[in-house]
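In: Just the structure for this:
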Amino acid sequence: MKDTERRLNSYMVYGWILIEVILLVTYGIEVAKGERTERYMLYFSMASAIPTIVVFFLYHWKPDWKVLRYLVIAGYMIMYGFVTFTGNTILVFTYILPLLVLIVLYHEVKLVIVTGLLTCSINFISIWFRYEDGSINIHNSRDVEIQLAVIVLCIIGSIVASMLYDQIHRSNIQASENMQKMTMQTIQTIANTIDAKDEYTQGHSKRVSDYSGSIAKELGFSPKQVEDIKFIALLHDIGKIGVPDSVLNKPGKLTDDEYQLMKNHTVIGADILKDIGMIPEIDIGAKYHHERYDGRGYPEGLEGEDIPRIARVIAVADAYDAMTSTRIYRNRLDPDIVLEEIRKGAGTQFDPEVAGAMVKLLEENRLISHEPTSEPREVRETTELLSRVMEKQEEQLAANYMHDELTGAYNRNYGIKLLQETARQGLGSLFIFDIDQFHMINETEGYMVGDIYLKAVADLINSFREKCILSRFGADEFVAVFPRVVTPEHAAKIAEKFHEKLNAKKNEQITLGKLSVSIGISLIEHEKEEFNVVYDRADKALYVAKNESDEGYYINWRDGDDIQRQAEASADLKQLVNLLKHREKNKGGFEVDPPAFGSMVNYITDVAERNHQRVRILLFTLSPNPGQRISVDETERVMAILERAVLKSIRSVDATTKYSATQRIVLLLDMEEEQVHVVTDRIMMEFYKMYDKKQVNIHYDSADLNSKR
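Out: The predicted structure is shown next:
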């Protein structure tokens, strides 16, 4: 409101000055032509300039003063009265018209009426004097009548224009307020939805918005700037929408990777808001509210005045709310401690001026307090709606994450979880369906044909009456568990029936002419049997099916005959030979089964002693973060990730094995202490790159095996 008053007063004062300048130039020309005297010019200048100068200085002293408009009218009337009574033509009455045009800007009917009454009074007095001196009478009064009619008409027109303008102005204000209210509610809804991701930050954005507004007002921001910064602060944490809930709600200390994810919310937020033109610099608060005055903040490490002022204000408000709120990692701090922390942070974490304003507000108890209040129904309902939309989106993303897009089967990661649960019930059979020569089919027939093959195999597996859990494990491999297929005879019927259906499908569809599938089958033999054990048996059976069986499938089960066991042993030998032939392709270390690890340790340490080399042993241990309960499936997944991280990081001369369900051993040959630290750091880095849930930590210990045994 004050901004509007200041702007209108500016138009009025400078418009008046412009009128004065035009009249002075006009009268100056008349003086030069001899039509007016220099004395008249002096008196006119005094009558017009003195009120103008006085009002001009009053405007600069108090530009939003509402009384100023009446002072302008009064000063103008002094000049108008002078020219009306001293002018040598009745047309001087028209000098009131520019003023009437200006005061319409105020759309204040009372102001127009006051101006009109003063104008009519001056003109009536002027006419009376002229009537008294006989210059006008009943016979030559036509010009006077026109003069009065024009003045009255102009005043009436100005009144009507002011009324219409006022009506339009009020409608615009109402529309603007409604739009601002809707905008505020929308932004509040978004802020609530973001805060809802963390149960400990409910209302955080609204509080930071109000605190930022209070600080900005204390610093002398204009009312418009205060409103803008409140909007900007409401969305300062919008980038948290891109941070996993497991990181936002983690009770313990964040790892380096987790902390980097958390820091990224500033850049994500700025990217979301960068093209929004509704509020100037709306992305500034989101991007820079974690910058520090000493340059040690993020994301860009800006220092001092290089940090946008808006962000410096929000940074103090954000820190204050963080310290005065209960968080997942600590309780709220005592008010005296908070005040001292803000004082200590001035010049390092915070802008000294902004921190000083916050301290003053707190010391004088002028900072807005936040008691729990009910939000407008529209905000609550919209927040709930937006939350549901986000939940549905997350469900859709999860569905996309769980399923293979082409075939509709579960993907490998999610499929393993389901298959593990099914296998541990102790009943059923595990089938591995492998498309023969699939790589060659893709190269010769094209990837589109390969996709047709994959889709056809998945559809055939799902067509059985005996329902299964189907997962795509690789480019050419499907794994299925049939819970109700519990005998070798039943498993064989399923495999034979699959090939019958496949041949029939190939006869119907020419493009499937080269499709061939081998099947390895393993029966689940007892309750809580490990999935990996069952899968390994099926994988050996698949090898036999591809190389030894004419039927296209093979069943691996404990009570099989001597021919079966001989075939399995043959498969094991062929796999081992194949591994040794291609050992140069493995750039990392060796993975050794635990039973053979002891013998390998003895051998390695003996060889190392003879060659005066050192052998170091590392023991990596998995431990849950405080308050976390890790399932067996999750533990196995984490240990598998650790295995990959180790094999990717150690050399070909090193060895590793699983020591327990939560531990892994690594042997390092001929490596100095400094190099050991490099290897362990590399393993830890690779592990945290691949591990996403952040529910556990990995610790390691090391020892030297070269001591006398």
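In: lowest average confidence, helix or strand, in this protein?
Out: Ranked by mean pLDDT, DSSP states H and E, the weakest helix or strand in the chain is helix 562-581, scoring a mean of 46.
In: and Ile19, what are its phi and psi?
Out: When read as degrees, to the nearest 10, the backbone of Ile19 gives phi -60, psi -40.
In: That one touches Ile96, doesn't it?
Out: No. The criterion here is C-beta atoms under 8 Å, and Ile19 misses it with Ile96 at 10.5 Å. Where C-beta positions appear, they are placed from N, C-alpha and C, glycine not excepted.
In: Please identify which of the two sits among more neighbours.
Out: Neighbour tally, Ile19 and Ile96, criterion other C-beta atoms under 10 Å: the higher count belongs to Ile96, 25 against 18.
In: Mind pulling up the pLDDT for the closest residue to the more buried one other than its chain neighbours?
Out: In space, not counting the residues next to it along the chain, Ile96 is nearest to Thr119; the distance is 4.9 Å by C-beta to C-beta, 6 or more residues apart in numbering. If you check Thr119, the pLDDT there is 87.
In: Kindly report the same for the one 4 residues further on.
Out: Asn123 carries a pLDDT score of 86 in this model.
In: next one: the helix or strand containing it to chain centre, how far?
Out: Element membership for Asn123 (DSSP states H and E) is helix 109-132. With C-alpha atoms, centre = their mean, to the nearest Å as the basis, helix 109-132 stands 65 Å off its chain's centre.
In: Could you do stretch 634-654 as well?
Out: For stretch 634-654 - counting by C-alpha atoms, centre = their mean - the centre lies 33 Å from the chain centre.
In: Also stretch 678-695?
Out: The answer for stretch 678-695 is 25 Å, by C-alpha atoms, centre = their mean.
In: number of nearby residues for the residue nearest to Ile96?
Out: Residues within reach of Thr119, counting by other C-beta under 10 Å, total 26.
In: Does it touch Ser158 like I think?
Out: No. If you go by C-beta under 8 Å, Thr119 and Ser158 don't touch, sitting 10.2 Å apart.
In: re earlier: ok, now which ones touch the residue nearest to Ile96?
Out: Thr119 is in contact with Met77, Tyr80, Ile96, Ile151, Ile155, counting by C-beta atoms under 8 Å, 6 or more residues apart in numbering.
In: ok, which stretches of the stretch 51-200 of the chain are helices?
Out: 68-86, 96-103, 109-132, 142-195 (DSSP state H, counting those that start in this stretch).
In: The longest one packs against which elements?
Out: Translated: helix 142-195. Under the contact criterion of 3 or more C-beta pairs under 8 Å, 6 or more residues apart in numbering; DSSP states H and E, helix 142-195 touches helix 96-103, helix 109-132, helix 204-218, helix 223-234, helix 377-402.
In: Give me the mean pLDDT for the first one.
Out: In this case it means helix 96-103. For helix 96-103, the mean confidence score works out to 84.
In: Next, the buried residues of that helix.
Out: Within helix 96-103, the residues that count as buried by 16 or more other C-beta atoms under 10 Å are Ile96, Pro98, Leu99, Leu100, Leu102, Ile103.
In: Could you provide those in a markdown table, with additional columns for distance to Glu643?
Out: Formatted as a markdown table, these follow (distance: C-beta to C-beta, whole Å):
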| residue | distance to Glu643 |
| --- | --- |
| Ile96 | 94 |
| Pro98 | 88 |
| Leu99 | 89 |
| Leu100 | 89 |
| Leu102 | 83 |
| Ile103 | 84 |
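In: right, and out of these, which lies closest to Gly295?
Out: Using C-beta to C-beta, Leu102 comes nearest to Gly295 of these, at 52.0 Å.
In: Could you pull up the contacting residues of that closest one?
Out: Tyr11, Met12, Gly15, Trp16.
In: Redo those residues as CSV? Include secondary structure and neighbour count.
Out: CSV is the format used below for the contacts of Leu102 (DSSP: H, G, I helix; E, B strand; the rest coil; neighbours: other C-beta atoms under 10 Å):
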residue, secondary structure, neighbour count
Tyr11, helix, 12
Met12, helix, 23
Gly15, helix, 17
Trp16, helix, 23
